[in-house]
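> Coordinates for the following, if possible.
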Amino acid sequence: MVKRKLSLLFIPQAGNNYKALLTQPSFLGLFIALYLLNQSLVKSFTIFKPGVLGYSSKITVSKIVKLTNLERVKHHLQPLNYNADLSLSATNKAKDMFKENYWAHNSPSGKTPWDFFKEIDYQYSVAGENLAKDFYDNESVIKAWMKSPTHRENILHPKYLEIGIGVVDGTLNGVKTTLVVQHFGRPLDLANLQENQLAPTDSPLIPVSAGQPQVLSQQQSKQLISPLQISKTVGAVLFMVLISVMFIDGYFTIKNKTKRLSGSVTGHISFLAIIFMLLLFSQQGSIF
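Just a heads-up that it's a prediction; the model follows:
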C-alpha cells in the first residue's frame, strides 16, 4: 500500500492521471512554499538567535591595498600610499555601522563619510569611500567593486594619493560578517604626504619586512553557517528531487507512449535547469 502511494508521486500511471504527482501544480507549489519557508526561517533565526549565522572571511588590509594598487597600475595610474589615519577613519566607520546597525554611507543619526575624515583631522581636497560586506576573500571584494561604475571610479580616481582600509568583524542585522571600508583621499598639505604612511598594524603585532603593509586578519572564533550556503543547499536538494521526478516521468511517458495535453517534460526540465543555474551562481557579498 505504501509502495503504491509512493509510486504515484514519481511514476505516471492511471492512479495519478498518467502524470507523476510531484510534477503537478499543487506539489510544485509545495516545493516553492518549502523554499520560501526556509528563507523565512533563516531570516527569523538572525533575529531571535543573532550571531549564529554569518560569513567568515580571510580578508586582510595589506591584500586589499595591494589589489587596489594593481588595478590602478593596470590602468596606468599612480599606486596609492597607505595612510594610517585613513585606516583609522575607515575602521571607525565600520565600527559605527555595527554600533548603529546600518549598511549605508550615511548613518541613521545623520553622520556622513566626511565626518569620519574630520574626526581624525584629515584635511583633504578630494575624498571617497567604498563599502563591502559578506565577502569571503580579498579578490571577490575587489572584483565586485571594479564591476560597479561608482566604486570603480573611486579605485581609479586619478586625484587620489592615499588609501586607508578598515576590516572589522561584528554582527549586522543579526548576521556575523566582516565589513570592509576603503577610504581614499588627497591631502591638502602635500608637503606632509609621507607623515602617516606607516604599515597597517594589528594586535598582536606580526613582524614584517620594511616597507610592506602588515596583514590585518580578524578570524572568526568559531565556524559560522552561511545564510547563502543554506539557501543554495536547500535549493539544490529541492532541484535534484524535482529534476529526478521529471526524468522518471518523462521516461515512463515515452516508454508507455502516453499522450498529454499539458506542457512537455523537456520544457519543465529546461526551466528548472535555468533556475538551478541562477541559484548555483548566486554571488557572495554586497557592496555600497
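> Show the subsequent helix or strand relative to the helix or strand of the chain with the lowest mean pLDDT.
Least confident helix or strand, the chain: helix 265-280 with a mean of 57, by mean pLDDT, DSSP states H and E. The C-terminal neighbour of helix 265-280 among helices and strands, as given by DSSP states H and E, is strand 286-287.
> That following strand packs against which elements?
On a contact count with 3 or more C-beta pairs under 8 Å, 6 or more residues apart in numbering; DSSP states H and E, strand 286-287 meets strand 124-133, helix 138-147. Glycine gets a C-beta too; all of them are placed from N, C-alpha and C.
> strands paired with that strand, and their directions?
strand 124-133 (antiparallel) (DSSP bridges).
> buried set for the partner strand?
124, 127, 128, 129, 130, 131, 132, 133 (16 or more other C-beta atoms under 10 Å).
> what's in contact with that strand?
With contact meaning C-beta atoms under 8 Å, 6 or more residues apart in numbering, strand 124-133 is reached by 55, 90, 93, 103, 105, 113-114, 117, 141, 144-145, 151, 154-155, 157, 159-160, 172, 177-188, 285-288.
> related to what we said a few turns ago, show me which of the buried residues of strand 124-133 is closest to residue 24.
residue 133 (41.4 Å; C-beta to C-beta).
> Just say helix, strand or coil for residue 158.
For residue 158, the assignment made with DSSP: H, G, I helix; E, B strand; the rest coil gives coil.
> Enumerate every residue touching it.
residue 77.
> And it, how far from residue 76?
10 Å (C-beta to C-beta, to the nearest Å).
> Equivalent analysis for residue 133, please.
For residue 133 relative to residue 76 (C-beta to C-beta), the value is 31 Å.
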